[in-house]
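Student: Quick one: sequence plus predicted model below, questions after.
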2 protein chains.
Amino acid sequence: MAANAPFKTKVPRNANMAKLQAGYLFPEIARRRAAHLLKFPDAKIISLGIGDTTEPIPDVITNAMAERAHALSTVDGYSGYGAEQGEKKLRAAIAATYYADLGIEETDIFVSDGAKCDISRLQVLFGSNVKIAVQDPSYPAYVDSSVIMGQTGLYQEDVQKYGNIEYMKCSPENGFFPDLSSVPRTDIIFFCSPNNPTGAAASRDQLTKLVKFAKDNGSIIVYDSAYAMYISDDSPKSIFEIPGAKEVAIETASFSKYAGFTGVRLGWTVVPKELLFSDGHPVAKDFNRIVCTCFNGASNISQAGGLGCLSPEGLKAMSDVVGFYKENTKIIVDTFTSLGFNVYGAKNAPYVWVHFPGRNSWDVFAEILEKAHVVTTPGSGFGPGGEGFVRVSAFGHRENIIEAARRLKQLYK
Amino acid sequence: MAANAPFKTKVPRNANMAKLQAGYLFPEIARRRAAHLLKFPDAKIISLGIGDTTEPIPDVITNAMAERAHALSTVDGYSGYGAEQGEKKLRAAIAATYYADLGIEETDIFVSDGAKCDISRLQVLFGSNVKIAVQDPSYPAYVDSSVIMGQTGLYQEDVQKYGNIEYMKCSPENGFFPDLSSVPRTDIIFFCSPNNPTGAAASRDQLTKLVKFAKDNGSIIVYDSAYAMYISDDSPKSIFEIPGAKEVAIETASFSKYAGFTGVRLGWTVVPKELLFSDGHPVAKDFNRIVCTCFNGASNISQAGGLGCLSPEGLKAMSDVVGFYKENTKIIVDTFTSLGFNVYGAKNAPYVWVHFPGRNSWDVFAEILEKAHVVTTPGSGFGPGGEGFVRVSAFGHRENIIEAARRLKQLYK
């Protein structure tokens, strides 16, 4: 050993962390974007990669947050620790706005600092001895948090999957809804609808099948509805629209993509009191304990923003924001369609899922970045089922969307 | 089975969750407080229990947050997802303010939504196969998050300890610093100084011993410095003041108790790049992955508040807030001392650790609540070493502190 060899502790690295492949997808894309900028310092990069909102937050909402911030400097307006589960008024407003008539009560709602954080807390709740299923492709946080919690086997390079995870293929062939008759039972089923990245929203009929499947198997569905407000057709906006779902499902949701809260951080998770572990213990009781022990509630200022979102003016303003991004979506769809590509999603989601049959997703990503200075997301970053696709996000200023469309037309004409 | 027996999933409850005893301490206290109010609806309860700040946030800080909130409704001022590790400016300001000359760099700083949340993320990072040591008594989140992660055995009712955790007794007899010669090696050592609940700050000499102990054993210290600004004597304010600490320590800190940010949620954790697992892998690399996968950064508005805190006016304002609570501390110390109690802590912390020799902490808690309508925290809630003590928090409006002192004098005269 060299005299100046670095000191090492005797603490073993967590073997689960060592299983993780490369970087988490979006930081990896940020790294490649930065490398591109080094190579082309003058490139006017347009980012349609990470699904990051770009439009200002409606001021009815920011005013509510500024007001709360100012109030915190007054004796009467100051508040310290809030309830770990969220402020009562906000929990009530979420229940009333999104779950009226669905039998979900204020006490079933846990306010969070975002869906990603709650997914991770749910994994901590479930622990190491469960097996999960995910849509393939799917938002990477489900799989990566499962790996971190030790629920999986090693990554298998040949199939690009981790051991002990059930990947439910979602492709144009099955209308982006898995063939449940071929899916083995798992404890947990992560299901995102409208889906990130494919943009597909499951129909009422499909979700009814999913709930029945969970019930038959005694599984728990973790339903990610972060894009529900983008639904244009009659697909359910909540899993709890399906009868019986309260006994088998958790729903996680977020203000990020409606109000532009990606940086403000606010979401919620519904854990119905009817949902029970095999020993009859309510899941919500354990989740409450996790929230109290590992979390201290979302920022009170963000929560004031949430209340602003759910005021009549706030709801209207959010709907306008969503409408704006939906117009962007249409521009992107028209662009790729006019170039002869098959595109999916888009109707009920701010994502366009573009097919490049037979091509490697990262190659297409690199090609679009190199030649059009446009950042997309390689489909294979969401699982092997995403190979041959790229996800194009509709979050962007209008002029950028139009300019990206122009460059893409030039590239693929 | 009854026809209308509730449906149970087949998902097993996480056995680690089942190990946890009763409620997390502070929600349990809140529960008892609520029960007391039901019994005495007119009681003017004064809460010196949970260490929750009560004084308004200085407006130089709230103005910064309001300004950022308003900016988010403008095209130029809007920002979406920030860096998961925190905004570059804030990381740089934290490094410059608290770690100048200590060799800690901006990139070693991870901004968080509070120390409790980061403790939990650190436990997820370490995984199930480590053994921890804690001061006894100590802040319950260390032990409870360890239980949740499956690092421990069952709770042993007779000794009031979990199996496979090393409890390092800290009492008046050893000056609240453990006798390290009798402490077996563990992978992780949670160490809080100034300590919550005892209020004891470790001296430079003691911390030098602690770092040497960690180095000899190849352990990692998780050093919780959430109360460092309350230090009045020459005790170190950061573990990194001790030479060599960067190779064995992580430090977690928070704006909560300085700026009144308990509800705003902002803290940070320092993971020096010099800290390595036994295989040479940098701990910071894995923590970065945890932060990217399980967290999405603290609220941008809270981070603007953090920058406000670290401005020259903000630093002065925080120091005034800390000074105010320190005056409260003196009133509480004088009260108990005049009544003949032995009190500890207080000099370097906003907590007074009051000795009730031979009595059960929860009984004393109940007595003070029933007879003086004052909420304290039972020492045994922090571990068996806290039995016979109660923690009295100095966070409160001045008139409440004075009134609580009056009631306590009446009760124990």
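Tutor: Ah, there it is.
Student: Please spell out which residues along stretch A:97-108 are buried.
Tutor: Using 16 or more other C-beta atoms under 10 Å in any protein chain shown as the test for burial, stretch A:97-108 gives A:98-99, A:102, A:104, A:106-108. (C-beta placed from N, C-alpha, C; glycine too.)
Student: measure that stretch end to end?
Tutor: End-to-end distance of stretch A:97-108 (C-alpha to C-alpha, to the nearest Å): 14 Å.
Student: So which residues make contact with that stretch?
Tutor: The contact list for stretch A:97-108 (C-beta atoms under 8 Å, 6 or more residues apart in numbering or on different chains) reads A:88, A:91-92, A:94-95, A:109, A:237-238, A:240-241, A:246, A:253, A:270-273, A:284, A:310, A:315.
Student: So A:Thr252, which state does it fall into?
Tutor: Following DSSP: H, G, I helix; E, B strand; the rest coil, the label given to A:Thr252 is strand.
Student: can you tell me which of the contacts of stretch A:97-108 are up against chain B?
Tutor: Taking C-beta under 8 Å from any C-beta of the partner chain, there is no overlap between the contacts of stretch A:97-108 and the neighbourhood of chain B.
Student: Would you map the strands across the stretch 101-250 of chain A?
Tutor: A:109-112, A:132-136, A:155-156, A:161-162, A:165-169, A:188-192, A:220-224, A:249-254 (DSSP state E, counting those that start in this stretch).
Student: Skipping adjacent residues, who's closest to the closest residue to chain B within the stretch 151-300 of chain A in space?
Tutor: The minimum distance from the stretch 151-300 of chain A to chain B, using C-beta to the nearest C-beta, falls at A:Gly218 (2.8 Å). Spatially, and ignoring its direct neighbours in sequence, A:Gly218 is nearest to B:Lys10 (2.8 Å; C-beta to C-beta, 6 or more residues apart in numbering or on different chains).
Student: gap between that neighbour and A:Lys215?
Tutor: Per C-beta to C-beta, to the nearest Å, B:Lys10 is found 10 Å from A:Lys215.
Student: So for these two, which sits in the more crowded spot?
Tutor: A:Lys215 (17 against 12; other C-beta atoms under 10 Å in any protein chain shown).
Student: quick one: contacts for the residue nearest to that one when sequence neighbours are not counted?
Tutor: Spatially, and ignoring its direct neighbours in sequence, A:Lys215 is nearest to A:Val248 (5.4 Å; C-beta to C-beta, 6+ apart). By C-beta under 8 Å, 6+ apart, A:Val248 lies in contact with A:211, A:214-215, A:219-221, A:275, B:7, B:9.
Student: How about the residues of the stretch 301-413 of chain A by chain B?
Tutor: Near chain B, when you scan the stretch 301-413 of chain A using C-beta under 8 Å from any C-beta, you find A:301-302, A:305, A:395, A:397.
Student: Is it possible to mark the buried ones in those residues?
Tutor: A:301-302, A:305, A:395.
Student: between the buried residues of stretch A:97-108, which is nearest A:Thr335?
Tutor: Nearest to A:Thr335 among these, counting by C-beta to C-beta, is A:Tyr98 at 33.1 Å.
Student: Could you measure from that closest one over to A:Ile104?
Tutor: Separation of A:Tyr98 from A:Ile104 (C-beta to C-beta) stands at 8 Å.
Student: now do A:Cys170
Tutor: From A:Cys170 to A:Ile104 the distance is 27 Å (C-beta to C-beta).
Student: same deal with A:Leu122?
Tutor: 17 Å.
Student: and what of A:Val352?
Tutor: 32 Å.
Student: Give me the contact status of the least confident helix or strand in chain A by mean pLDDT with chain B.
Tutor: In chain A, no helix or strand scores lower on mean pLDDT, DSSP states H and E than helix A:25-39, which sits at a mean of 90. Yes. Applying C-beta under 8 Å from any C-beta, one finds helix A:25-39 in contact with chain B at A:26-27.
Student: Please state the offset of that helix from the chain centre?
Tutor: Centroid separation for helix A:25-39 versus its chain: 21 Å, with C-alpha atoms, centre = their mean, to the nearest Å.
Student: what's in contact with the first helix or strand past it going along the chain?
Tutor: Using DSSP states H and E, the helix or strand that directly follows helix A:25-39 along the chain is strand A:46-47. Contact with strand A:46-47 is made by A:33, A:373-375, A:393, A:396, A:400, A:403-404, A:407, as judged by C-beta under 8 Å, 6+ apart.
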